[in-house]
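>>> Everything below, folded, please.
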Amino acid sequence: MRTSHIHKTWYGLMFHNRTLFLDAFFVIVSVFLMGIFANIQIPLWPVPITMQTFGIFMIAFFFGSLRGTLTIAAYLLAGLIGFGVFAGHSSGLAPFIGPTAGYLIGFVFMTLAVGLMIERGYGRSRKSILICMLTGEVVLYAFGLAGLWLYLGDVSFFKVLQLGLMPFIIGDALKALLAIVVFPYAWKGAQKLTQSQ
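Just a heads-up that it's a prediction; the model follows:
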């Protein structure tokens, strides 16, 4: 890997001459993919297991912090105005005031945190990918569990963990394993495109 490219994202490696049109195109594609990932799910109450977080990691690795965060903001806006891009093809205001509200807010900060790590050179090796994913999950659950606790009201924090964290541990571990397997190849593919330009 050449030093001048070490801190670039997948997007930065693949496209040297980026334009507003290209940015908008990939943001729209990413929002569409997030809608698909949100509905690959195991329906649990109060919060379903989905592939959303895997999609967020992909966006953070692809775009980095600024474009990645704007993309997730666009995704949330699409859901808010009525596109069924959330889990269960839901949309509107309800997901933002229900048990998933904290997780949706957490998506933004998760993307920002992981995107910043990618821009600082993390996420290239399997160990570093795992560190990025663990960091992102910690940020997500900090917001998600806080929001769930507020939504549920007078319950113990252990009960919040039972509902909002423990059911997702195995799913998160499997998504981390998938990223560890797939993402190194994505880096190699982006670098090959760079070398061919």
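
>>> CA only for contacts and neighbour counts going forward, please
Noted.

>>> if I've got this straight, Gly92 is in a helix?
No: counting by DSSP: H, G, I helix; E, B strand; the rest coil, Gly92 is not found in a helix; it is coil.

>>> excluding its backbone neighbours, what's nearest it?
Distance criterion CA to CA, 6 or more residues apart in numbering; nearest residue to Gly92, sequence neighbours excluded, is Leu80 at 4.3 Å.

>>> check which helix or strand covers Lys127.
Element membership for Lys127, per DSSP states H and E: helix 126-152.

>>> buried sites along that helix?
Neighbour-count burial for helix 126-152, counted by 16 or more other CA atoms under 10 Å, picks out 126, 128-134, 136-137, 139-141, 143-149, 151.

>>> contacting residues for the residue at the greatest distance from the centre of the chain?
No residue in the chain sits farther from the centre than Asp154, which is 30.0 Å out by CA atoms, centre = their mean. For Asp154, the contact set (CA atoms under 8 Å, 6 or more residues apart in numbering) is empty.

>>> Ramachandran angles for it?
Per-residue torsions, Asp154: phi -80, psi 70 (degrees, to the nearest 10).

>>> Going forward, count from 665.
All right, first residue 665 from here; so that's Asp818.

>>> So Leu740: helix, strand or coil?
Using three-state DSSP, the structure places Leu740 in helix.

>>> Provide a list of residues in contact with it.
Taking CA under 8 Å, 6+ apart, one finds Leu768 in contact with Leu740.

>>> What's the separation between it and Gly756?
10 Å (CA to CA, to the nearest Å).

>>> hmm, back to that, roughly how far apart are the residue farthest from the centre of the chain and Leu741?
31 Å.

>>> Return the distance of the helix or strand of the chain with the lowest mean pLDDT from the chain's centre.
Counting by mean pLDDT, DSSP states H and E, the weakest-scoring helix or strand in the chain turns out to be strand 705-706, with a mean of 75. Averaged C-alpha coordinates place strand 705-706 at 16 Å from its chain's average position (CA atoms, centre = their mean, to the nearest Å).

>>> cool, and stretch 725-735?
Centre-to-centre, stretch 725-735 and its host chain are 10 Å apart (CA atoms, centre = their mean).

>>> go on, stretch 784-799?
With CA atoms, centre = their mean as the basis, stretch 784-799 stands 14 Å off its chain's centre.

>>> Need the CA coordinates for it. CSV is fine.
C-alpha atoms of stretch 784-799 as CSV (Å, rounded to 0.1, in the frame of the first residue of the first chain):
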residue,chain,number,x,y,z
ARG,A,784,-6.6,7.6,10.7
GLY,A,785,-5.4,4.3,9.3
TYR,A,786,-7.5,1.8,11.2
GLY,A,787,-9.5,-1.0,9.7
ARG,A,788,-6.9,-2.4,7.3
SER,A,789,-5.9,-5.6,9.1
ARG,A,790,-8.3,-8.2,10.6
LYS,A,791,-7.4,-7.2,14.1
SER,A,792,-7.9,-3.5,13.3
ILE,A,793,-11.2,-4.2,11.6
LEU,A,794,-12.4,-5.9,14.8
ILE,A,795,-11.3,-2.9,16.9
CYS,A,796,-13.3,-0.6,14.6
MET,A,797,-16.4,-2.8,14.9
LEU,A,798,-16.1,-3.1,18.7
THR,A,799,-15.7,0.7,19.0
